[in-house]
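Engineer: mind looking at a prediction? Sequence and model below.
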Amino acid sequence: MLKFYCSIAIGGAIGVCSRFFLSKNIGVLANGFPLSTIIINIIGCFLAGFVVHYFSYKLTIPLFLQAGITIGFLGGLTTFSAFALEIFLLIEKKQWGIGLSYFMLSNLCSFLSVYFGITCGRKIY
């Protein structure tokens, strides 16, 4: 069980550092739209779909490593807690249009990214 915790912790640290790096280098649009968060969530959801398919059908690696990648790295990379807070803050500032479009676009793109990740995984492997 310790291997699981260590794998998840290491994967999470790498995911969080990756998210921090990407968020600092992508940024926010001039109107306040949180561009970096949505891009990170889309990438993370695509990777989640792809990796889960890959682990399910093509690659046999130990479960603790799978957990380190999916729960740790991808959990640390994606930012749905930041997503929820950013929507709240946009609504609090009465930026309803930006908040609603951010909510809708994030959910739709994240779902589609998981779908395309699984689809790509099926075609490649």
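Structural biologist: Done, it's in. Because the structure is a prediction, the values reported are computed rather than measured.
Engineer: least trustworthy helix or strand in this protein by mean pLDDT?
Structural biologist: In the chain, the helix or strand scored least confidently by mean pLDDT, DSSP states H and E is helix 80-92, which has a mean of 85.
Engineer: what is that one packed up against?
Structural biologist: helix 35-57, helix 96-124 (3 or more C-beta pairs under 8 Å, 6 or more residues apart in numbering; DSSP states H and E). (Glycine included, C-beta is placed from N, CA and C.)
Engineer: relative to helix 96-124, how tilted is that helix?
Structural biologist: Using axes from the mean of the first three to the mean of the last three C-alpha atoms, to 10 degrees, the inter-axis angle of helix 80-92 relative to helix 96-124 is 150 degrees.
Engineer: with only the CA atoms kept, save helix 80-92 in CSV.
Structural biologist: Listed in CSV are the C-alpha atoms of helix 80-92, where the atom choice follows Å, rounded to 0.1, in the frame of the first residue of the first chain:
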residue,chain,number,x,y,z
PHE,A,80,-11.3,21.7,-11.3
SER,A,81,-11.0,23.2,-7.9
ALA,A,82,-9.4,26.3,-9.5
PHE,A,83,-12.2,26.1,-12.1
ALA,A,84,-14.9,26.2,-9.6
LEU,A,85,-13.3,29.1,-7.7
GLU,A,86,-12.7,31.1,-10.9
ILE,A,87,-16.4,30.7,-11.8
PHE,A,88,-17.5,31.8,-8.4
LEU,A,89,-15.2,34.9,-8.6
LEU,A,90,-16.4,35.8,-12.1
ILE,A,91,-20.1,35.6,-10.9
GLU,A,92,-19.3,37.5,-7.8
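Engineer: and that helix, which residues are buried?
Structural biologist: Across helix 80-92, burial judged by 16 or more other C-beta atoms under 10 Å covers 82, 83, 86, 87, 90.
Engineer: same list (the helices and strands packed on helix 80-92) but as JSON lines, adding distance to residue 25, mean neighbour count and mean pLDDT.
Structural biologist: Listed next are these as JSON lines, based on distance: least, C-beta to C-beta, whole Å; neighbours: other C-beta atoms under 10 Å; pLDDT from 0 to 100:
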{"stretch": "helix 35-57", "distance to residue 25": "8", "mean neighbour count": "19", "mean pLDDT": "88"}
{"stretch": "helix 96-124", "distance to residue 25": "19", "mean neighbour count": "15", "mean pLDDT": "94"}
